[in-house]
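# This is the structure alone, sequence omitted:
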Ligand SMILES: Cc1ncc(C[n+]2csc(CCOP(=O)(O)OP(=O)(O)O)c2C)c(N)n1
Ligand code: SF4
């Protein structure tokens, strides 16, 4: 059923309520908030459910598509973008969305991630960044800040973390944005922007894993971690007019990068058309 669904019907229309609930997430986990944002964005854009494919790897974040009533693929750890690339090439008319964790996307799946950016294939990747491996018990990921604690870093992380959004921009993505699970209305808008963009888009959704990251780093419960997001996120537009000292310790949110570039499936189709024409002539 296309069209905007009444707010009271959204949960039954878009979620596999009877089949897959209750969910596996800890009470207060931010992943459910991201799921709400994705659903509201899809509802607002009036996409038909059957025209959407959501693909994920393995992790707490990657459980998200399991609960959603679209075409869904819950694949192997780190391989979501690889599977999604296959889906997009076989069915270019589908709106393909990847939901992944910072470990799934940046560690084991890092290579798939950078090359999907480089190709500029029309996939929206929503990377839920909770700064840790949640599902397997709180090990370090490439997003775990240096000096912070994890089960694999009981004396503090000695590695440097990197910025997934900056990596996506450098690797060739055309739309890169960052939001948080505290700033829900902004997150909805960023996801709408990403879905409307033709090309590879990344949304980094900063989320809380209070069960592991919060507890090990004495950042408190879900509410305390949400308050931290509120006080440390800085909209990129506001940041432009502020001196560096006011930006100390803050992270930028909003649309960080938005450019136009030829898209991979379109370019690939041109090659197919060219060879088919040559065969006919
Ligand atoms: C090939 C392979 N290696 C490792 C694992 C174990 N594993 C499952 S989920 C996960 C980490 C998930 O972390 P992240 O992607 O950050 O998601 P989160 O659980 O934090 O949402 C790991 C290492 C696996 N399932 N398969
Ligand atoms: S372990 Fe962390 S990421 Fe996983 S459901 Fe619990 S709070 Fe969320």
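Received it, and whenever you're ready, just let me know what you need. Everything numeric here is computed off the predicted structure, so don't read it as measured data. Numbering: from 1, shown residues only. Ligands and ions are numbered 1, 2, ... in the order given.
# residues touching the closest residue to ligand 2 within the stretch 151-281 of the chain, list them.
With Cβ to the nearest ligand atom, the shortest gap between the stretch 151-281 of the chain and ligand 2 falls at residue 209, namely 3.2 Å. For every residue, glycine as well, the C-beta is placed using N, CA and C. Applying Cβ atoms under 8 Å, 6 or more residues apart in numbering, one finds that residue 209 lies in contact with 29-30, 60, 130-132, 134, 138.
# Quick check: phi and psi on it?
The phi/psi pair for residue 209 (degrees, to the nearest 10) reads phi -110, psi 80.
# ok, back up a step: and the two most separated of the contacts of residue 209?
Distance extremes for the contacts of residue 209: the farthest pair is 30 and 138 at 15.5 Å, using Cβ to Cβ.
# Where do the strands of the chain begin and end?
52-56, 71-74, 95-101, 123-129, 175-180, 201-206, 233-235, 251-258 (DSSP state E).
# Of the ones you listed, flag the one that's most buried.
Comparing the strands of the chain by mean neighbour count (mean count of other Cβ atoms under 10 Å), strand 95-101 ranks first with a mean of 30.
# That strand vs strand 201-206, what angle?
30 degrees (axes from the mean of the first three to the mean of the last three Cα atoms, to 10 degrees).
# Give me the contact list for strand 95-101.
Contacts for strand 95-101 (Cβ under 8 Å, 6+ apart): 34, 38, 47, 51-57, 59-62, 64-65, 80-81, 84, 87-88, 109, 122-130, 133-135, 141, 195.
# what about it, near ligand 2?
No. Using Cβ under 6 Å from any ligand atom, strand 95-101 stays clear of ligand 2, with a minimum separation of 7.8 Å.
# Direction included, what does that strand pair up with?
strand 52-56 (parallel), strand 123-129 (parallel) (DSSP bridges).
# Residue 116 is nearest to which of these?
Closest among these, once you apply Cβ to Cβ, is strand 123-129, at 6.3 Å.
# Tell me the gap between that closest one and the middle of its chain.
Offset of strand 123-129 from its chain centre (Cα atoms, centre = their mean, to the nearest Å): 2 Å.
# now swap in stretch 267-281 and tell me
Here stretch 267-281 shows a centroid-to-chain-centroid distance of 35 Å under the convention Cα atoms, centre = their mean.
# Show me which residues of that stretch are buried.
Neighbour counts over stretch 267-281 (16 or more other Cβ atoms under 10 Å) mark no residue as buried.
# could you check the distance from the closest residue to residue 102 other than its chain neighbours over to ligand 2?
Excluding the flanking residues, the one nearest residue 102 by Cβ to Cβ, 6 or more residues apart in numbering is residue 143, at 3.8 Å. According to Cβ to the nearest ligand atom, to the nearest Å, residue 143 stands 13 Å off from ligand 2.
# give the contact list for residue 143.
Neighbours of residue 143 in contact, by Cβ under 8 Å, 6+ apart: 102-103, 106, 129, 131-132, 161-162, 164.
# Greatest separation within these: which pair is it?
132 and 162, at 14.9 Å, using Cβ to Cβ across the contacts of residue 143.
# Put together CSV for the contacts of residue 143, with distance to residue 69 on each row.
Listed next are those as CSV, based on distance: Cβ to Cβ, whole Å:
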residue, distance to residue 69
102, 26
103, 27
106, 29
129, 26
131, 30
132, 29
161, 35
162, 35
164, 28
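# rewinding a little: so for residue 30 and residue 138, which residue has more residues nearby?
Just comparing residue 30 and residue 138: by other Cβ atoms under 10 Å the higher neighbour count belongs to residue 30, 26 against 23.
# No further queries at this time; thank you.
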